[in-house]
Each structure stands twice: as structure tokens, then as C-alpha cells.
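K.L.:
Fold the following.
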Amino acid sequence: MIVNVVWREWFNEAAIKQMTEMGTLPRNETEVSVGSHDNGEDVAALVAEDVAKEDSEAFRDGGTIVILEPEDFAGEYDIEVEYTPTYFARER
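P.N.:
Here you go, the predicted structure:
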């Protein structure tokens, strides 16, 4: 099932209140494919992975993601990144 996830990279009550009053609160939306057993952590990882495909600097060293909608997955999540070696071979 494809789900539209509304998220941001940080959560700070005072900044959110001020930016909401100014009408400048950042609000990102990403569509991800969610399975029936996925939870908020799974969805947060999927969003971070999708965003990083479009912007190589996004979540490069991990970070925080706050899911606002849908309510089933809402919450604040720490993103961790593991890099695995990639091996290439070329004929001599």
C-alpha cells in the first residue's frame, strides 16, 4: 500500500510554534510503499532512504526524523546509517 508520509527533520516546540505563527513551518511529503507489518521505525527508515536517493547529503550521517502523518506512524525517530563495502573487479 502506498502511503503519503508528512515529516520533518527536527522537532523543537518553540521553533515550531514561532514558524507556525509566521506560516513558514517546513513540511515535507514523501510517498512510500508500506507493508501490513511495518511500524513507525520501518516507515521512518523508508522515508530517509527515499529522500537520500534524491539528495545525497540528506541523512548521510543519520539524524532525526519526525513523522507527523499518518497518525499510525507518527513519532520522532533517530536515523542511523550503516555503510557496507562495495567490491569491484576489473580485468587486468
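K.L.:
I'd guess residue 45 is in a helix, am I close?
P.N.:
Yes: counting by DSSP: H, G, I helix; E, B strand; the rest coil, residue 45 falls inside a helix.
K.L.:
Quick check: which ranges of this protein have low pLDDT?
P.N.:
10-12 (pLDDT under 70).
K.L.:
And the helices in it, which stretches?
P.N.:
For the chain, the helices defined by DSSP state H cover 13-22, 40-54.
K.L.:
who touches the shortest one?
P.N.:
Just to be clear, that refers to helix 13-22. 25-26 (Cβ atoms under 8 Å, 6 or more residues apart in numbering). No exception for glycine: its C-beta is placed from N, CA and C like everyone else's.
K.L.:
mind exporting that helix as PDB, just the C-alpha atoms?
P.N.:
Extracted C-alpha coordinates of helix 13-22, given in PDB (Å, rounded to 0.1, in the frame of the first residue of the first chain):
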ATOM      1  CA  GLU A  13       8.400  23.100  20.400                       C
ATOM      2  CA  ALA A  14       9.400  26.800  20.500                       C
ATOM      3  CA  ALA A  15      10.700  26.900  16.900                       C
ATOM      4  CA  ILE A  16       7.600  25.100  15.600                       C
ATOM      5  CA  LYS A  17       5.300  27.500  17.400                       C
ATOM      6  CA  GLN A  18       7.100  30.500  16.100                       C
ATOM      7  CA  MET A  19       7.400  29.200  12.500                       C
ATOM      8  CA  THR A  20       3.700  28.200  12.500                       C
ATOM      9  CA  GLU A  21       2.700  31.700  13.500                       C
ATOM     10  CA  MET A  22       4.900  33.000  10.700                       C
END
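K.L.:
Give me the contacts around stretch 59-70.
P.N.:
By Cβ under 8 Å, 6+ apart, stretch 59-70 touches 3-11, 27, 40, 43-44, 47-48, 51-52, 73-81.
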